[in-house]
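> Return atomic coordinates for the entry below.
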Amino acid sequence: MRETGREAAGGENAGILRCRILGVNFCVTGLKRISEYIAASGKELSGQYVCLCNVHTTVVATEDEEYLRIQNGAALTLPDGAPIAKEQRKRGFRQAERTGGPDLMEAVFAADLSRGRGLRHYFYGASEDTLEKLVISLKERYPGLTVAGMYSPPFRELTEAEDAADTDRIREAKPDIIWVGLGAPKQERWMAAHRGCFEGVMIGVGAAFDFHAGVKKRAPVWMQRAGLEWLYRLMQEPGRLFGRYLHSNMKFLFNVGADRRKAGKG
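I've put the predicted structure just below:
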């Protein structure tokens, strides 16, 4: 039996359904609709955060109760993975679409500029070189986009003083949207820890900075549409991703199958 709900931090006015998969309360929506909602809902989403959850992070959430609470504590938890959206459709939500980090960024930028909203965008994460290339690329592709600031934190746990300085730096920039590219699960933990610290909304987009900066190549469109983007990334970084994908994909398929069997018996 599918689990749905119209509440949770996206707000009743958003009219966004929820579909629980392995304990994670995913939004059921499409890229255009959710990007328009984010671009237009500054006050409603102020101080909150948005998670993009894929197969790997869903499995991590089944193994870590705190991380599961973080995912479900988000204003919006979006399906960043073709298998997630596919499972939503199998459960009766035919309108469900995947929402990838790079795609969401592009769609929000377009929604911002198309209506002249003048949103202020801040980029937190990645390396200094990547951020510089990212901003150059975005300004070329999206003339008029307002970049409020960017910062590359150290690739280690921050001290309290460093974290306080980063928080102050972001506050002073007064962004409407803070794009967070720290990678999962670090970025979700960081956003949850900083909930209510900013007037803008935080959105964790993983490796999207690398793709838009041209540091990494994204899978061809046909592979994205076929749900094979994970395979393309695996071919790029087999040493780092093989073990992760093997564990996560197998456990996801097994657990989702078990859920279906249980629902069938219920």
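> mind listing the strands for the stretch 51-200 of the chain?
76-79, 120-125, 146-151, 177-181 (DSSP state E, counting those that start in this stretch).
> Can you say which of those strands is packed in most?
strand 76-79 (a mean of 28; mean count of other CB atoms under 10 Å). (Glycine included, C-beta is placed from N, CA and C.)
> and that one, which strands flank it?
Partners of strand 76-79 in the sheet, by DSSP bridges, are strand 49-53 (parallel).
> Quick one: name whatever helix or strand follows the helix or strand bottoming out on mean pLDDT in the chain.
Among the helices and strands of the chain, helix 229-236 carries the lowest confidence by mean pLDDT, DSSP states H and E, at a mean of 70. As assigned by DSSP states H and E, the chain's next helix or strand after helix 229-236 is helix 238-265.
> what's the offset of that next one from the middle of its chain?
With CA atoms, centre = their mean, to the nearest Å as the basis, helix 238-265 stands 20 Å off its chain's centre.
> Nearest the middle, which residue of the chain would you pick?
Among the residues of the chain, the one closest to the centroid is L52, at 2.6 Å (CA atoms, centre = their mean).
> mind checking how far the spatially closest residue to it that is not a sequence neighbour is from V201?
With CB to CB, 6 or more residues apart in numbering as the criterion, L52 has its nearest non-adjacent residue at 3.7 Å, and that residue is D80. Computed with CB to CB, to the nearest Å, the distance linking D80 and V201 is 17 Å.
> neighbour-wise, which of these two wins?
The residue with more neighbours, out of D80 and V201, is D80; 28 against 23, by other CB atoms under 10 Å.
> what residues are up against G206?
Counting by CB atoms under 8 Å, 6 or more residues apart in numbering, G206 touches 52, 80, 101, 181, 183-184, 187.
> from the residues you listed, which is closest to V205?
G101 (3.4 Å; CB to CB).
> Backbone dihedrals for the nearest residue to T29 once chain neighbours are set aside, both of them.
Nearest residue to T29 in three dimensions, chain neighbours excluded: I16, at 5.7 Å (CB to CB, 6+ apart). Dihedral angles phi and psi of I16 (degrees, to the nearest 10) take the values phi -100, psi 120.
> I'd like to know how many residues surround I16.
Here the count is done by other CB under 10 Å, and I16 has 21 residues near it.
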